[in-house]
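> sequence and predicted structure are below.
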Amino acid sequence: MAATDIPSAPAASITTPSQTKLRLGALTALVIGSMVGSGVFSLPQNMAAGAGPLAILIGWGITAVGMLALVFVYQSLAVRKPRLDAGPYAYAKAGFGPFIGFNSAWGYWISAWVGNVSYAVIVFSALSYFYPAFGDGNTWQAVLGASILLWLIHILILAGVRQAAIVNLVVTIAKIAPIVLFIGIVAVAFKVDVFNADFSGLGNANLGSIMTQVKSTMLVTLWVFIGIEGASVFSARAERRNDIATATVLGFFTCLALYALVSLLSIGIISQPELAGLKNPSMAGVLETVVGPWGAILINLALVVSVVGAFLSWTLLAAEVPHVAGKDGTMPKFFAHESERGVPSTSLLVTNLLVQAFLIVTLFAQSTYQALFYIASAAILVPYIFSGAYAAKLAITGKSYGVGESRNGALLMGFVATIYGLWLVYAAGLSYLFMCAVLYAPGIVFYIWARRENRERVFHPVEAALAAALVAVSLYAAYEMWVGAVSAL
Ligand SMILES: NC(=[NH2+])NCCC[C@H](N)C(=O)O
C-alpha cells in the first residue's frame, strides 16, 4: 500500500512506480479525484427533489462551513497526532476509547461498502441510456451486470491491481472535463426567469418550509464531499509538506464551485418540479435538453468512467479498513489475513460478499441509488463526529499543544465540525438513522470477539450502556422496518 498503513481515502492505495514528488497542481488534482465519484452527476435532480434555489444555496453554505471545519480538523490532527496519520477511526479510539473507536471503524466501513452498492446501481442506471432493460439500475438485468462488475473488480484486486497514478490522472480528466463543459453550456443556456420562477420553493406545496427544504439537501451535499477526509495521506507524496494543506483547501473549493454550479444552473434550464422527476444521472437529462442526445451520451459515459474508477478505489479502501483494524486489535484477527501478494483477501471477500448481498436486497426492495447513498452518508457520521470531537477535546485539554500555543482555532474547528455532524444526524431523519442502527448493531458481536481475542476487558460501564442502547434501538428499528412503518430502502 501507500506510505501509510492506516486507511483513509481511496487514493490511499494509489502508487506511483517511481514515487515522484508532486507539486501543488498535481496534489490538488489528486484531492479532487478522491472526492468526485458518482454524486455530482445526479446533483440536479437530487438537490431539486426537495428544495428550491434558495434552500439549495443555504444548503451549500452550511456544507461549505461544516466540511471545511472537518478538513481543518483532519489537518490539525495529522499534525498533532502524526502517528495516527489520518486514520478516520484511530482518532475516535484515541479520544473516546475502544468501543467508540470500533464503531467509527465499523461505520466508516459500512459507509464505504454501501456506497459501493450505490455505485453499482448508478453505473447501470447510466448504461440504461444505451440498453433500457437496465432501468434505474435495480432491474434483474442491472443487478446481474452489477454483480459481474463487482467480481471483476474483486479478481483484479486479488491479482494485485492498484490504481496506478497514470490511470488515475486519465480518469480524473475524463470525469472533470465533461463536468466543466456541462457548466459552460448550461451557463450560456441559463434562463433567469426559469431559475426565479419559484426562488423560495414555497410556491410548491410538496417542498415544505425552507428548513425542511434545506434538510432535504444535507445527505446529498455530504455525499459529494466524502473522500476529502483522507487528503492528508497525500502528504507523503508532496514535494513540500506544506503544499498538501493548500491543495486540500483548493480542491475543496474547486469541488464546491463545480457542485454548486451544477445544481443551481440546472434550475435555470428545467424548472424545479420537472427536475425533481428527472432520471439519474440527471446531469445527462439536463444537458440533453440543451444540446440533444450527444449531451446525454457524454454525461452517461463520463459517469461510467468516473464511477468505475471510484468503485475500484473504494473497494481497495473498504477492504483496507477491517484489515488494518484487524491488525491493531480493533476488529477480529481474521480480517488481518493477507494473500501471498499482500492483498487483504479475507477482508476483501467479506466486504464484497456484503456488497453482493445488498445488491440482491436492492433488487427485491427496488432500492434506488439515492436511498443507498443516503445510507452511506448517514453511516459515516459516527467517525466524522468523533474526529471533530477529538480535535475539540485535544484543544480543551491542551494535550499535545506547546506552552502558550493558541488553541482557539482548533477548538472552533472541532466544535463546528461536531455540530455540523450532529445537525446532519438530525437532518438525516428517522428512517436513515434506523437503517444505520440496524447496520451498526451487529458490529457489537465483532467488537466482543476482538476484545476476547486480545484478552481485554470487553466493556467499561458507559460502553456497556451504549451497546445496550444500540441493541435496543436496532431491535425497535428492525421491527418498524419489518412491519413497514419506516423504510430506508
Ligand atoms: N463508495 C463510497 N463509499 N464512496 C464515497 C465517496 C462518494 C464520492 N464523494 C462521490 O461523489 O461519489
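Here it is on my side, so go on. Residues are numbered from 1 along each chain as shown.
> and residue 273, what is it in contact with?
Contact analysis of residue 273 by CB atoms under 8 Å, 6 or more residues apart in numbering lists 204, 206. All C-beta spots, glycine's among them, are computed from the backbone N, C-alpha and C.
> and it, what element?
helix 272-276 (DSSP states H and E).
> list the buried residues of that helix.
Across helix 272-276, burial judged by 16 or more other CB atoms under 10 Å covers 272-273, 275-276.
> within reach of the ligand, which of those are there?
Among those, no residue is within reach of the ligand (CB under 6 Å from any ligand atom).
> now those residues in JSON lines, with pLDDT?
Shown next, in JSON lines, are those (pLDDT from 0 to 100):
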{"residue": "272", "pLDDT": "95"}
{"residue": "273", "pLDDT": "94"}
{"residue": "275", "pLDDT": "96"}
{"residue": "276", "pLDDT": "95"}
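> and the nearest residue to residue 398 once chain neighbours are set aside, what pLDDT?
Leaving aside its sequence neighbours, residue 398 sits nearest to residue 407 (CB to CB, 6 or more residues apart in numbering; 6.4 Å). At residue 407, the model reports a pLDDT of 89.
> ok, now residue 75?
87.
> does it lie in a helix or a strand, and which?
Here residue 75 is assigned to helix 53-80, by DSSP H and E.
> and for residue 367?
Assigned by DSSP H and E, residue 367 falls outside every helix and strand.
> quick one: contacts for it?
121, 138, 361, 489.
> how much space between the last one and residue 247?
Per CB to CB, to the nearest Å, residue 489 is found 38 Å from residue 247.
> same question, residue 414
22 Å.
> same deal with residue 392?
For residue 392 relative to residue 247 (CB to CB), the value is 25 Å.
> center of this structure, which residue is that?
By CA atoms, centre = their mean, the chain has its centre lying nearest to residue 226, at 3.4 Å.
> could you list the contact residues of the stretch 301-450 of the chain toward the ligand?
Counting by CB under 6 Å from any ligand atom, the stretch 301-450 of the chain sits next to the ligand at 310, 314, 376.
> re the thing from before, list just the nearest of the contacts of residue 367 to the ligand.
Comparing these against the ligand with CB to the nearest ligand atom places residue 121 closest, at 11.4 Å.
> need the three-state assignment for residue 404.
Here residue 404 is coil, with the state taken from DSSP: H, G, I helix; E, B strand; the rest coil.
> now for residue 423: which residues touch it?
Here residue 423 is in contact with 62, 66, 218 (criterion: CB under 8 Å, 6+ apart).
> quick one: which helix or strand includes the last one?
Of the helices and strands defined by DSSP H and E, residue 218 is found in helix 210-225.
> ditto for residue 359
helix 345-365.
> quick one: the helices in the stretch 51-200 of the chain?
53-80, 90-96, 98-127, 140-158, 165-189, 192-196 (DSSP state H, counting those that start in this stretch).
> tell me the mean pLDDT over the longest one?
Going back to what we said before, that points to helix 98-127. 96.
> do the fourth one as well
If you average the pLDDT over helix 140-158, you get 97.
> by how many degrees do it and helix 98-127 diverge?
120 degrees (axes from the mean of the first three to the mean of the last three CA atoms, to 10 degrees).
> buried stuff in helix 140-158?
Quick answer for helix 140-158 (16+ other CB under 10 Å): 141-143, 145-147, 149-150, 153-154, 157.
> which one of these is nearest to residue 195?
residue 142 (33.9 Å; CB to CB).
> in space, what's closest to the closest one - neighbours in sequence excluded?
residue 124 is the one closest to residue 142 (CB to CB, 6+ apart), at 3.7 Å.
> surely the one you found and residue 140 touch.
No - using CB atoms under 8 Å, residue 124 is not in contact with residue 140, being 10.9 Å away.
> filter the contacts of residue 367 down to the buried ones.
121, 138, 489.
> would you format those residues as a markdown table with distance to the ligand included?
A markdown table is the format used below for those (distance: CB to the nearest ligand atom, whole Å):
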| residue | distance to the ligand |
| --- | --- |
| 121 | 11 |
| 138 | 17 |
| 489 | 17 |
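> TSV for those, including distance to residue 178?
Below are the buried ones among the contacts of residue 367 laid out as TSV (distance: CB to CB, whole Å):
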residue	distance to residue 178
121	21
138	25
489	31
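> closest point of the stretch 151-300 of the chain to the ligand, which residue?
residue 226 (3.9 Å).
> angles on the backbone of the closest residue in space to that residue that isn't next to it in sequence, please.
Nearest non-adjacent residue to residue 226, counting by CB to CB, 6+ apart: residue 380, 6.1 Å away. Phi and psi for residue 380, reported as degrees, to the nearest 10, are phi -80, psi -10.
> okay, residue 380: pLDDT?
Looking at residue 380, the pLDDT reads 96.
> surely it and residue 108 touch.
Yes - if you go by CB under 8 Å, residue 380 and residue 108 touch, sitting 6.3 Å apart.
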